[in-house]
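Peer 1: sequence and predicted structure are below.
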Amino acid sequence: MKKYLVYLLLPMALAACTDSDDGAMEGDTPKDKYADYQITGSISPIHTTARVVDGEVETKFQENDMMLIGWKHSSGGTYSGYAYKYGSDEKFAPNDGDASALWTGLDGENDNVDVYAWYSKGIDNNSTIPVGTTISVSEDQSTEAEYTSNIYLAAHASYIKGTTTSLQFGFSHLMARLKLSIDFNDKGISTSDMINTKVTTQLYTSATLQENATGTNKYLELVSPTDSKAITMLAQGAAGSYHLDCTCLLPPQTLTTHSAIITITLGNGKEYTCTLSKDLVLKAGEEAKLSIDITVEGTSVYEPVVTVIPQTDLCSYSGNRLITGNSNKTVSIYDKQADGSWGTPALVYESLESTKPLQLTGSYYIRVVDLYKDYAGLATSVNTEPHSAANDIAYFCKRDKVTGKWYVNKKLENTPCYSLVLNNDFFCMDRMVVTVQLFR
C-alpha cells in the first residue's frame, strides 16, 4: 500500500455470478442471489494525517492490498475472516474468487451481526481478525517500508438479517502518530554530521485489540499498552539542513515525563538526550507534534574510535559513509555508528530486485571507488597499466530510499575509467563528465 493517504471511497459489487440459476434445486441459494450486494469503504480524515510519510499527499489503496471482513460467530465466539484484495480496477474483490461466501456466512448466523473490516500487513486467505491478541509495532521504523508496515485500520458495519444488502465501512486508524520537529543550533557540528542521524524514543510498543461493544457506536480499539522499548523513528531532512522531522506509529498511550526519553545520535557519534516537561496523551488516529530546539554553545572533543576492516583493497570516504573495494571483488558500504565505529557492511547488489551481490568476474578488478551521500561509483578494468583501456567498465550505484539497499543503477561498458570522481551533480571518468541526473 502506498501509505500517504487519507481519504478513500471504494464501491464494489461482490458477486461475479452467472446470469442464470439453471440447475439450482428448490430450496437452494440461487447463484445470482448476491449479485447486487455491495461493500463500500472509506478512510475517515484525522487530525494531521497519521498516514503521511513524505509531505501531505493524499493517495489511495494500491493493487494487491488486502483487507479482512469478519464477525464474531454466534456458535463458537471466534472471529471469522474473509480476505479481499484491491485490484487494478480500483475495487476490492474476494481473494479466493468466491463472491458469495461472505454473504452466505452472514445469512447463516442466528441473529443480526456486528461486522468488522480490518487492514494490516500480512493478510491472506487463512487470516482472522485478531481480537483478543497483542498487536505490536516495529522497534525499527527508520525506513519508509518499516514505518508504513505498522499501519492498522479497522471499521464497523451492522448486518440486519434479511434486510442488509450492502456493508458500508468507515475505516479509522488504530495507531497514534508521534512527530518530532528538531532544529539543531549547535556550533560544534556541521551539516555532514547530520547524515545518518538516529532518533529513538522510549515508548510502549504493544497493546491488546478488543471489541468495544458497550454502546451503539461499536468499534475495535487497542488498549492496555505495554512492553516499553526504544523505537527508532523515521528521520527525514533536506541535504545541508540543520532540521529533521522524525515520525513513528505506536499504540495509544500517555507519554510521561519520567518514561519518554528521546535520544538523538548524530552520524559523528554526538548524542543529545531530551525529556518531556509534562505528560502527553497520544490518541488513536491523531498526531502529536513536539518541537525540539537543541542549542549548544562552543565545541566538543571526542576520543577517536578505530575500526579495522579486513580484506579490503581500496576505499573512499564521504561524510559519515565509507565505501570499500574488497579482495573478493565485491563492494561494501559502511555507515558510521553512534559509538564512532563503522558497524556491519552493506553489500552493493546487481540490481534493486536482485538478491545477488555485485561481484566482478574474470580478470576484472576494482581500480577506484567513490561515493557522495546516497550515490556511489566504481571503475573496473583488466588493464594493469596506469592508463585507461577500451574495455573498462564503470558502475553507477545508488541507495534505495525505502529499503536502504545499495544496488547498481547503471552499468557503463567499454567506458575508459582510469580515474573516477562523484559529487551531487556529476559522475566524472577520465575526460568524460556525465550528469548524475541521468542515472537517478
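Peer 2: Cool, got the structure.

Peer 1: so where is the stretch 201-350 of the chain shaky, pLDDT-wise?
Peer 2: 297-306, 339 (pLDDT under 70).

Peer 1: what's across from Leu203 in the sheet?
Peer 2: Lys229 (DSSP bridges).

Peer 1: pull the number of nearby residues for it.
Peer 2: 26 (other CB atoms under 10 Å). Backbone N, C-alpha and C define where each C-beta goes, glycine included.

Peer 1: list the contacts of it.
Peer 2: Leu178, Ser228, Lys229, Ala230, Ile231, Cys248, Leu250, Gln253, Leu255, Ala260 (CB atoms under 8 Å, 6 or more residues apart in numbering).

Peer 1: could you look up the SS state of the residue most central in space within the chain?
Peer 2: Nearest to the geometric centre of the chain sits Ala145, at 1.8 Å (CA atoms, centre = their mean). At Ala145 the chain is in helix, as set by DSSP: H, G, I helix; E, B strand; the rest coil.

Peer 1: could we number from 270 for the rest of this?
Peer 2: Sounds good: first residue 270 from here, last item Ala414.

Peer 1: could you find the closest non-adjacent residue to it?
Peer 2: Closest residue to Ala414 apart from its sequence neighbours, by CB to CB, 6 or more residues apart in numbering: Val671 at 5.0 Å.

Peer 1: and for Tyr644?
Peer 2: The nearest residue in space to Tyr644 (CB to CB, 6+ apart) is Lys667, at 5.3 Å.

Peer 1: circling back: looking at it, the residue nearest to the centre of the chain is touching Lys674, isn't it?
Peer 2: No - contact between Ala414 and Lys674 fails when scored by CB atoms under 8 Å: they sit 10.2 Å apart.

Peer 1: which regions of the stretch 320-469 of the chain sit below the pLDDT cut-off?
Peer 2: Short version for the stretch 320-469 of the chain, where the test is pLDDT under 70: 320-329, 344-346.

Peer 1: how about the strands in it?
Peer 2: 335-340, 351-355, 361-363, 382-388, 403-405, 422-428, 435-442, 445-455, 467-481 (DSSP state E, counting those that start in this stretch).

Peer 1: to Ala615, which of these lies closest?
Peer 2: Closest of the strands of the stretch 320-469 of the chain to Ala615 is strand 467-481, at 15.6 Å (criterion: CB to CB).

Peer 1: which parts of this protein belong to which domain?
Peer 2: For the chain, whose domains are defined here by automatic domain parsing, the residue ranges read 281-442, 445-565, 581-708.

Peer 1: distance of Arg605 relative to Leu513?
Peer 2: Quick fix: residue 605 is Lys, not Arg. From Lys605 over to Leu513 the distance is 17 Å, taken as CB to CB, to the nearest Å.

Peer 1: ok, these two, which is more surrounded?
Peer 2: Lys605 (23 against 20).

Peer 1: any idea where the helices of the chain begin and end?
Peer 2: Along the chain, the segments classed as helices by DSSP state H run 370-376, 413-417.

Peer 1: now do the first one: distance to the chain's middle.
Peer 2: Looking back up the chat, that one is helix 370-376. With CA atoms, centre = their mean, to the nearest Å as the basis, helix 370-376 stands 35 Å off its chain's centre.

Peer 1: mind giving me the packing neighbours of that helix?
Peer 2: Applying 3 or more CB pairs under 8 Å, 6 or more residues apart in numbering; DSSP states H and E, one finds that helix 370-376 contacts strand 351-355.

Peer 1: name the nearest residue to Gly339, sequence neighbours excluded.
Peer 2: That would be Ser349: by CB to CB, 6+ apart, it lies 4.1 Å from Gly339.

Peer 1: let me see the contact set for the one you found.
Peer 2: Applying CB under 8 Å, 6+ apart, the residues near Ser349 are Gly339, Trp340, His342, Gly374, Thr397, Ile398.

Peer 1: list buried residues within the residues you listed.
Peer 2: If you count burial by 16 or more other CB atoms under 10 Å, the buried members of these come out as Gly339, Trp340, Gly374, Thr397, Ile398.

Peer 1: of those residues, which is the nearest to Ala426?
Peer 2: For these, the nearest to Ala426 is Trp340 (9.6 Å; CB to CB).

Peer 1: the closest residue to Ser497 other than its chain neighbours: neighbour count?
Peer 2: Take Ser497 and drop its neighbours on the chain: the residue closest to it by CB to CB, 6+ apart is Tyr473, 5.5 Å away. Per other CB under 10 Å, the neighbour tally for Tyr473 reads 23.

Peer 1: kindly report the same for Lys467.
Peer 2: For Lys467, using other CB under 10 Å, the count is 18.

Peer 1: grab the nearest non-local neighbour of it.
Peer 2: Thr534 (4.6 Å).

Peer 1: I'd say that neighbour and Lys605 touch.
Peer 2: No - applying CB under 8 Å as the test, Thr534 and Lys605 come out as separate, 10.3 Å apart.

Peer 1: dump stretch 549-566 to CSV, restricted to CA.
Peer 2: Provided in CSV are the C-alpha atoms of stretch 549-566 (Å, rounded to 0.1, in the frame of the first residue of the first chain):
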residue,chain,number,x,y,z
LEU,A,549,1.5,13.9,26.6
VAL,A,550,-1.6,11.8,25.7
LEU,A,551,-1.4,10.0,22.3
LYS,A,552,-4.8,9.0,20.8
ALA,A,553,-5.6,6.6,18.0
GLY,A,554,-5.9,8.3,14.7
GLU,A,555,-4.3,11.6,15.9
GLU,A,556,-0.8,13.1,15.6
ALA,A,557,1.0,14.6,18.5
LYS,A,558,3.8,17.0,17.4
LEU,A,559,6.7,18.0,19.6
SER,A,560,9.1,20.8,18.7
ILE,A,561,12.7,20.3,19.9
ASP,A,562,15.3,23.1,19.7
ILE,A,563,18.8,21.9,20.5
THR,A,564,21.1,24.9,21.4
VAL,A,565,24.7,24.2,22.3
GLU,A,566,27.5,26.8,22.5
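
Peer 1: off-centre distance for it?
Peer 2: 21 Å.

Peer 1: what's the answer for stretch 383-400, then?
Peer 2: On CA atoms, centre = their mean, the centre of stretch 383-400 falls 20 Å from that of its chain.
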